Structures are given as structure tokens and as C-alpha cells.
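Participant: I would like the atomic coordinates for the input below:
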Amino acid sequence: MKLFSSFILILACLTGGIAVAQDYPAKPIRMLIPAAPGGGVDSAGRIIAMHLSETLGQPVVAENMVGAGTMLASEALARSQPDGYTILMATSSHIVNAAVRKIRRYDAIHDFAAVSLVGSTPDLLAVNAQSSIESVAGLIEAAKKEPGKLTFGSSGLGTLSQLEPELLKDEAGINMLGVPYRGGVPAVMALIGKQIDTLFLGVVALAPQIEAGKLRPIAVTSKARLPRFPDVPTMAESGFPDWDTGTWYGVLVPAKTPPAIVATLNKHINDALELPAIRDQLTAAGIEPKATTAEQFSALMKTDLAHWQKVVEKLPELKID
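Facilitator: Residues are numbered from 1 along each chain as shown. Reported below is the predicted structural model:
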């Protein structure tokens, strides 16, 4: 009798979950964006939120939630009800944090369900336009000539823009001084003002200053050159054949969100990424559109985590409280 009762209870829960998924969405959806207005993740989030509002028939409200290097938004999502009404436009910082931060109040993989990748953008390695450094080889030569004198900026401790130059230091055998800032904008302004010598940062943040003639890109971190800057060599072409870093953007929901809801969101996001108008908007923001299955996005996150964990194991000084 107990076994039969348990079976009925499980069946009722499953049936209830299916019913909820079939009614989804029945009210507005909240999309958390882990950054201030402007920039790549905000652009990606708002472009996708606007399209989902139209196709799902319910408002998808973008909400900027800044703090703790994107961890504030990730934690808020992890604590949300797994009902599909709170979603996160995550960035690769979600995974980088898991590799470098000693203290987090959530598990970056197990407390979340992947929905779909939205796109990615590589970083550029840039110097001031008036700098005498014109290539990665020139940067390395200058750093070796005067160890510890050259400086690199970053958008903060534990960010990709800090890990990339640390990786370069290790692989090139050079010594440069890191200068962390509170965000990408202050770091860019410091490079323009010649307060630092170099900076790894996303195309979205650097392109306007490069096109204005204030900064000079000397390498791109992706495997292929950028159509926007076809004359800028890749890090692989610059002597680092395995180099392939950058920022991805993708949608997450809390773990235990019904698979049918995940599938619904995945379909609508993937449909959006097939539309020329959406692709053009993302491309204009410096983001290469990339649609995936939920499983493919989950696999990417796990691979990314393993990569940065290996880097931090090799360079334990990158671990931060």
C-alpha cells in the first residue's frame, strides 16, 4: 500500500510539473543581467529579452544586478524558484569565478541548468595608440628588458582580463605589474591616459576607442582574426598556438527547473538567433551569435571550468578570497 501511495505521489508531482510547463509563461519573466547598463552582457540580455517578450507573449524584464564580479546575480538566480520566471544572462565570468574564488554561496555547475549559449566575443590585447609597442613580440621584448616596469590593467581581481595577462606572463616568462580597476571602463580610461601600458578586454569595450584612434590593438584572443579588425593578428599567430580565450554569453535558470520549460526557452532563444535582425543587432554590439542545445552549453561550461581550474592550479596566486 505504501509503495502504491508513493507511486501516486510521484505521478502527481510529474503531472503537476507538466501542467505548469504547458502553461508557461503565465506571467512576466525577470532576466538578471550581471553588469551595469552598456557593454556586451547588457546588450545581449536586452536584445534577447525584447525578442522573448514578443514571442512568449509575456514581458521579459531586464534587470541589471551589479556586484561581486557577477556573483551577486548568480547567487540571486541560484536562490530563485525553479519555475522559469527568473533567468540569468550569464557570462564566462560565472565560470571564471568558480575557478578563482575561494568563497561562493552556490555551485556554478550544479545549482544551475543551462538553457542556451547566445554568443561570444573575443578579447583584444591593446596598448595606447602612442605606445612604441606594436606587437605581442614587442611587448614581450619590452617586458624582458625592464622586468616589472610594464603594467597591465584589468577590470578587477578574478576577472578574465586579469587571468589573460597572468597567463601571458607565465607562458612568455615575463614580469609585468597588474593594476586592477573597478570595471572595464576605468581600465580603458587608464590605458587612454597612459596610466597603464596594456590591457586585455572585450571587443565591445575597446572597439570604439580603437576606431577613435586612441588605442591600438596588437592581438585578438580568438583562434581566427576578426572581420572588424582584419589586420590584427591572433595570439596564436603571435607565438601562442593554443591560445583561445574570450567571453561567452548564455542563459541559465535555477537547477530543477522543469525540462519542458528549459526546452521552451531554448527553442525561443535559438529561433531568435536565426533571425537576421537579431543577428545583426548582436553583431553590431560586437557579439558573434551562437545557438546551442542546453546540453552543448552545459558541456561548454564544464570544459571552461576545467580549463581555468588548471590555470589556477598552475598559478595558485590567482586564488582570491
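Participant: ranges for the strands of the protein?
Facilitator: 29-33, 60-64, 86-91, 112-128, 151-154, 177-180, 198-202, 215-220, 246-254, 288-289 (DSSP state E).
Participant: nearest to Lys267, of the ones you listed?
Facilitator: strand 112-128 (9.0 Å; C-beta to C-beta). For glycine as for every other residue, the C-beta is placed from the backbone atoms N, C-alpha and C.
Participant: just grab the bridge partners of the residue nearest in space to the middle of the chain for me.
Facilitator: Centroid-nearest residue in the chain: Thr91, 2.4 Å away (criterion: C-alpha atoms, centre = their mean). On the basis of DSSP bridges, Thr91 is bridged to Tyr249.
Participant: please apply the same query to the one 10 residues further on.
Facilitator: In this entry, Arg101 is beta-bridged to Ile320, by DSSP bridges.
Participant: in this structure it contacts Ile320, no?
Facilitator: Yes - Arg101 is in contact with Ile320 according to C-beta atoms under 8 Å; the separation is 6.2 Å.
Participant: between the two, point out the one with more neighbours.
Facilitator: Ranked by neighbour count (other C-beta atoms under 10 Å), Arg101 and Ile320 place Arg101 first, with 18 against 15.
Participant: these two touch, right, Ala219 and Pro233?
Facilitator: Yes - contact status for Ala219 versus Pro233: in contact at 5.8 Å, counting by C-beta under 8 Å.
Participant: from what I can see the residue nearest to the centre of the chain touches Asp42, true?
Facilitator: No - contact between Thr91 and Asp42 fails when scored by C-beta under 8 Å: they sit 10.3 Å apart.
Participant: now do the shared contacts for those two.
Facilitator: Ala35 (C-beta atoms under 8 Å, 6 or more residues apart in numbering).
Participant: about what we covered before: any shared contact partners between Ala219 and Pro233?
Facilitator: Joint contacts of Ala219 and Pro233 (C-beta under 8 Å, 6+ apart) are Ser135, Val136.
Participant: give me the more crowded residue out of those two.
Facilitator: Ala219 (26 against 16).
Participant: check the gap between that one and Phe112 for me.
Facilitator: Using C-beta to C-beta, to the nearest Å, we find Ala219 at a distance of 32 Å from Phe112.
Participant: the stretch 51-200 of the chain: helices as residue ranges?
Facilitator: 71-78, 93-100, 136-145, 160-172, 184-192 (DSSP state H, counting those that start in this stretch).
Participant: care to break this protein down by domain?
Facilitator: 24-120+248-318, 122-220 (automatic domain parsing).
Participant: quick check, distance from the last one to the centre of its chain.
Facilitator: For domain 122-220, the distance between its averaged C-alpha position and the chain's averaged C-alpha position is 19 Å (C-alpha atoms, centre = their mean, to the nearest Å).
Participant: ok, and the closest non-adjacent residue to Ile210?
Facilitator: Nearest non-adjacent residue to Ile210, counting by C-beta to C-beta, 6 or more residues apart in numbering: Pro217, 5.6 Å away.
Participant: also Ala62?
Facilitator: Ala49 (4.6 Å).
Participant: so who does that neighbour touch?
Facilitator: By C-beta under 8 Å, 6+ apart, the neighbours of Ala49 are Met31, Val60, Val61, Ala62, Met89.
Participant: from those residues, which is closest to Gln22?
Facilitator: For the contacts of Ala49, the nearest to Gln22 is Val60 (19.1 Å; C-beta to C-beta).
Participant: what's the burial count for the residue nearest to Ile210?
Facilitator: The burial count for Pro217: 22, using other C-beta under 10 Å.
Participant: one more: the one 3 residues further on?
Facilitator: If you count neighbours by other C-beta under 10 Å, Val220 ends up with 25.
Participant: pLDDT wise, what is it at?
Facilitator: Val220 carries a pLDDT value of 98.
Participant: can you check Cys13 too?
Facilitator: 48.
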